[in-house]
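S.K.: Here is a sequence together with a model predicted from it:
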Amino acid sequence: MTAKLIRNAYEAALAMTAVLLCWGITLWLEGAAGLHTDVLVLAVALTLPLARSQRTADTRRRLTALVLLPVTAGASIFLGRLLASHYTLGAAVFTAGMALAIWIRRYGPAATKAGTLLALPLVALLAVPGPALPPNAQSGLVTWGWAALVGALACGGVWLVQVLGDRFAPRHWRAEPDPEKPPRRSRLHPRPSTRMALQMALGIAAAFILGRLFFDDHWPWVVLTAYVAASGNRGRTDVLRKGVERLAGATVGTLLAAGIALAGVTGDTAVALMFAVLTVALWLRPLNYAYWAAGMTCALSLLLGYFGQDALSLLPTRLEGIAVGAVLSVAAAWWLLPVPRARRRQPVLGTTSPVS
């Protein structure tokens, strides 16, 4: 266990170094170009999951990410504007994009990796506090061009930090590129990728509907949980476990954020504490997903407080939204084309998700 914790600490240090590098450069750009602070959130939201998905990537995969991620990050900004002005249409496009990112896994490893790069900016869009910002802070949000640049910075920062880290790290800590393996044909009909895509689409669509009806501008909490619980779906039990772990972790993160809010932590101190919480959550994530859920919930609460929201008063609403999103994903996985128990151990191409 000690060796595993040390290795986890190394991986967490690499990821957070890349995050801080990208955040620092973006912070300079924010001041030099007069950008809105949400560009900093986008930098963190893109770099953090990218550091995980690119950990074993070879040069070709990293170059592919350097091309695709800026494009999809820029496109996600248009989608964010669409959600703000035409919610129903934007929700439909978002749902279709998420389902497509999973469905194309049927075409092999290259398509699976492209799907991951498509999903990253969409998930980041839920973390960037656009609709959740106060009305007087919603003008001047990041444009598609700056978002594309941040996407390129995220790719470059992750690449630089991971390559340099592995060069000086002990050999047994270095990540080796995953060998390309031909996809194994499944005897399930429809294919697992189709089942997962349909389950994801149903869960996210329902989350958009109920999120808007019952949580107003805080609908991203419901949609994000619906995505996280269903991503990397290996069957009914897996989705149920993720939903329970996310809810349990969010509860702990909520209590931690409440204590921080009561202590009056604000401003730059809150930002520093947010990065510290994320580092610990990354370190403990391989042990149990609940640690990551707790850290993310606490960090997002600190972020909303930084943007002027009363995070303490919104904590019960956040928990309710997370619970609703988890229930929707579990229901979709259990009742829409569930994977039969006898086949659940069968490997499914691309079932893991770097952002789950």
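M.R.: Here it is on my side, so go on.
S.K.: from here on, contacts and neighbour counts on C-alpha atoms
M.R.: Fine.
S.K.: where does the nearest residue to residue 221 once chain neighbours are set aside land in three-state SS?
M.R.: Excluding the flanking residues, the one nearest residue 221 by Cα to Cα, 6 or more residues apart in numbering is residue 321, at 5.6 Å. What DSSP: H, G, I helix; E, B strand; the rest coil gives for residue 321 is helix.
S.K.: What number of residues are in the vicinity of residue 321?
M.R.: By the measure other Cα atoms under 10 Å, the count of residues near residue 321 is 27.
S.K.: distance of it from residue 14?
M.R.: To residue 14, residue 321 is 32 Å away according to Cα to Cα, to the nearest Å.
S.K.: doesn't residue 243 make contact with residue 327?
M.R.: Yes: counting by Cα atoms under 8 Å, residue 327 does reach residue 243; the two are 7.3 Å apart.
S.K.: Restricting to C-alpha, output stretch 224-237 in CSV.
M.R.: Output of stretch 224-237 as CSV, limited to C-alpha atoms (Å, rounded to 0.1, in the frame of the first residue of the first chain):
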residue,chain,number,x,y,z
LEU,A,224,-22.3,16.6,-14.9
THR,A,225,-23.3,13.8,-12.4
ALA,A,226,-25.3,12.0,-15.0
TYR,A,227,-22.3,12.0,-17.3
VAL,A,228,-19.8,10.9,-14.6
ALA,A,229,-21.9,8.1,-13.3
ALA,A,230,-22.5,6.7,-16.8
SER,A,231,-19.0,7.2,-18.2
GLY,A,232,-16.9,4.0,-18.6
ASN,A,233,-20.1,2.0,-18.1
ARG,A,234,-19.3,-1.6,-17.5
GLY,A,235,-22.8,-2.7,-16.5
ARG,A,236,-25.5,-2.0,-14.0
THR,A,237,-23.4,-2.6,-10.9
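S.K.: What mean pLDDT does it get?
M.R.: The average pLDDT within stretch 224-237 is 80.
S.K.: for the chain, longest helix please?
M.R.: helix 2-33 (DSSP state H).
S.K.: helices and strands around the next helix or strand after it, which ones?
M.R.: As assigned by DSSP states H and E, the chain's next helix or strand after helix 2-33 is helix 38-53. Packing partners of helix 38-53 (3 or more Cα pairs under 8 Å, 6 or more residues apart in numbering; DSSP states H and E): helix 2-33, helix 109-127, helix 144-168.
S.K.: one more time with 10 Å, if that's ok
M.R.: Secondary-structure packing of helix 38-53 (3 or more Cα pairs under 10 Å, 6 or more residues apart in numbering; DSSP states H and E): helix 2-33, helix 59-85, helix 109-127, helix 144-168, helix 267-284.
S.K.: Return the most buried member of those helices.
M.R.: helix 109-127 (a mean of 22; mean count of other Cα atoms under 10 Å).
S.K.: Using CSV, write down the CA coordinates of that helix.
M.R.: Taking Å, rounded to 0.1, in the frame of the first residue of the first chain, the C-alpha atoms of helix 109-127 are listed here in CSV:
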residue,chain,number,x,y,z
PRO,A,109,-8.6,2.6,-30.8
ALA,A,110,-8.0,5.8,-32.9
ALA,A,111,-11.7,6.6,-32.9
THR,A,112,-11.9,5.9,-29.1
LYS,A,113,-9.2,8.4,-28.5
ALA,A,114,-10.8,11.0,-30.8
GLY,A,115,-14.0,10.5,-28.8
THR,A,116,-12.2,11.2,-25.6
LEU,A,117,-10.9,14.5,-27.0
LEU,A,118,-14.4,15.4,-28.2
ALA,A,119,-15.8,14.8,-24.7
LEU,A,120,-13.2,16.7,-22.7
PRO,A,121,-14.3,20.3,-23.7
LEU,A,122,-18.0,19.3,-23.3
VAL,A,123,-17.3,18.2,-19.7
ALA,A,124,-15.2,21.3,-19.1
LEU,A,125,-18.2,23.4,-20.3
LEU,A,126,-20.1,22.1,-17.3
ALA,A,127,-17.4,23.1,-14.9
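S.K.: Helix 38-53 and that one, what's the angle between them?
M.R.: Interaxial angle of helix 109-127 relative to helix 38-53 (axes from the mean of the first three to the mean of the last three Cα atoms, to 10 degrees): 150 degrees.
S.K.: just checking, what packs against helix 109-127?
M.R.: For helix 109-127, the packing partners by 3+ Cα pairs under 10 Å, 6+ apart are helix 38-53, helix 59-85, helix 87-103, helix 219-230.
S.K.: would you turn those helices into JSON lines with distance to residue 289?
M.R.: JSON lines is the format used below for the helices and strands packed on helix 109-127 (distance: least, Cα to Cα, whole Å):
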{"stretch": "helix 38-53", "distance to residue 289": "14"}
{"stretch": "helix 59-85", "distance to residue 289": "26"}
{"stretch": "helix 87-103", "distance to residue 289": "21"}
{"stretch": "helix 219-230", "distance to residue 289": "11"}
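S.K.: Go through those helices and name the closest to residue 314.
M.R.: Proximity to residue 314 (Cα to Cα) singles out helix 219-230 among the helices and strands packed on helix 109-127, at 11.3 Å.
S.K.: Since that was my last question, I'll sign off now.
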